[in-house]
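J.: A structural model of the following input is requested.
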Amino acid sequence: MSQTAFAYSKQSKDVNASRLLKSSAKVLKLLEFVGSRTTSVGLSEITTEFGGNRGTVYQQLQTLIQTGWIRQNPDGKYLLALKIVHFAKNSLDQSDIVTRMGPLLEQLAQVSGEAPAIAMLDIEDVLIIKRVESRQLIRADIRVGTRMPIMESAAGQILVSYASEERIENLKSRGIKIPSKNQIAEIKEKGFAIQIDSWQKGLSAVAVPLTISLEKEILSLSMACPTSRFDEKKTIAHLKLTLEQFKKTG
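T.: This next block holds a predicted model:
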């Protein structure tokens, strides 16, 4: 092969690779878009809000269906497939959060009598990813998979306060209500966030930041209970002690 032919072949491969990467990025962005919705979404709505040619978006959706990442309802609308749950669990296992925090959550639930939970910031809201139930007869109705608004939850306020500037700006661009700069500064100074009757009437909670990896990824550790028996000082003390115990396991 001549040098000219080789150079052309290499250039052609580079161009094809670039196109392939851009195409892959668009499909992943589409997956993020569908995953950010709390309900199924139709093709017309996707093309209007997500953008792109209708035919191209349709082909991208078919790719995601064939690979098991999304599914299509009988009404033609699209939503995440349950395959994502398996990978979410693996992500937690890989970060060793289950191994290290599992016993501590159980201990916290026994000592406090309330329900501790771990949550993450998921696109536009807060997602509960691990929780130990309270033994109390009257307790907060929150389960793994429950979603909460950022501003109205203690976990959401913590997660945003310790998020990157890029993440905060992204939330603002989406019109998501988040704590102000002054509120974020106050939360970081205290090291915890509190909500009383904000998300659900009669429900109060405290949350603290939980660093789970070398990349300093932040989750929230919180405890929620009926406001009628909410003890702010005691709850904060329990959470801070658990954080100290967690750091010793690292």
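J.: Next, the closest residue to residue 191 other than its chain neighbours: secondary structure please.
T.: Closest residue to residue 191 apart from its sequence neighbours, by C-beta to C-beta, 6 or more residues apart in numbering: residue 208 at 6.4 Å. Where you see a C-beta, it was placed from the backbone N, CA and C, and this is true even at glycine. Put simply, residue 208 is strand when judged by DSSP: H, G, I helix; E, B strand; the rest coil.
J.: give the contact list for residue 208.
T.: 158, 191, 192, 193, 220, 221, 222, 236, 239, 240, 243 (C-beta atoms under 8 Å, 6 or more residues apart in numbering).
J.: now the nearest residue to residue 73 once chain neighbours are set aside: how far from residue 81?
T.: Among residues not flanking residue 73 along the chain, residue 40 sits closest, at 5.5 Å (C-beta to C-beta, 6+ apart). Applying C-beta to C-beta, to the nearest Å, the value for residue 40 to residue 81 is 12 Å.
J.: and what of residue 208?
T.: 33 Å.
J.: do the same with residue 176
T.: With C-beta to C-beta as the criterion, residue 176 and residue 81 are 25 Å apart.
J.: before we move on, what about residue 184?
T.: 35 Å.
J.: Ok, residue 182 next?
T.: Applying C-beta to C-beta to residue 182 and residue 81 gives a distance of 42 Å.
J.: higher neighbour count, these two?
T.: Neighbours were counted for residue 182 and for residue 81 using other C-beta atoms under 10 Å; residue 81 has more, 17 against 8.
J.: quick one, phi/psi of the more buried one?
T.: Dihedral pair for residue 81: phi -90, psi 160, per degrees, to the nearest 10.
J.: Is it in contact with residue 67, as I believe?
T.: No. Assessed by C-beta atoms under 8 Å, residue 81 is found out of contact with residue 67, at 9.3 Å.
J.: Ignoring the adjacent residues along the chain, who's closest to residue 124?
T.: Closest to residue 124 by C-beta to C-beta, 6+ apart is residue 176, at 5.3 Å.
J.: Count the neighbours of the one you found for me.
T.: For residue 176, using other C-beta under 10 Å, the count is 17.
J.: So it sits against residue 159, correct?
T.: No. Residue 176 lies out of contact with residue 159 (C-beta under 8 Å); the separation is 11.9 Å.
J.: Overlap of the contact sets of the two?
T.: Contacts common to residue 176 and residue 159, judged by C-beta under 8 Å, 6+ apart, are residue 150.
J.: Which residues are in contact with the spatially most central residue of the chain?
T.: Nearest to the mean C-alpha position of the chain, by C-alpha atoms, centre = their mean, lies residue 122 at 2.5 Å. The contact partners of residue 122, by C-beta under 8 Å, 6+ apart, come to residue 147.
J.: again with residue 102
T.: Counted by C-beta under 8 Å, 6+ apart, residue 102 has contacts residue 130.
J.: Now it: which helix or strand?
T.: Assigned by DSSP states H and E, residue 102 belongs to helix 97-112.
J.: Now do the buried residues in the helix or strand following that helix.
T.: The C-terminal neighbour of helix 97-112 among helices and strands, as given by DSSP H and E, is strand 115-122. Neighbour counts using 16 or more other C-beta atoms under 10 Å place 115, 116, 117, 118, 119, 120, 121 of strand 115-122 among the buried residues.
J.: Would you mind writing the CA trace of strand 115-122 as PDB?
T.: C-alpha atoms of strand 115-122 as PDB (Å, rounded to 0.1, in the frame of the first residue of the first chain):
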ATOM      1  CA  ALA A 115     -35.400   4.500  59.600                       C
ATOM      2  CA  PRO A 116     -32.100   5.500  58.100                       C
ATOM      3  CA  ALA A 117     -31.700   5.700  54.300                       C
ATOM      4  CA  ILE A 118     -29.100   6.400  51.600                       C
ATOM      5  CA  ALA A 119     -30.000   8.500  48.600                       C
ATOM      6  CA  MET A 120     -28.400   9.800  45.400                       C
ATOM      7  CA  LEU A 121     -29.000  12.700  43.100                       C
ATOM      8  CA  ASP A 122     -30.700  11.300  40.000                       C
END
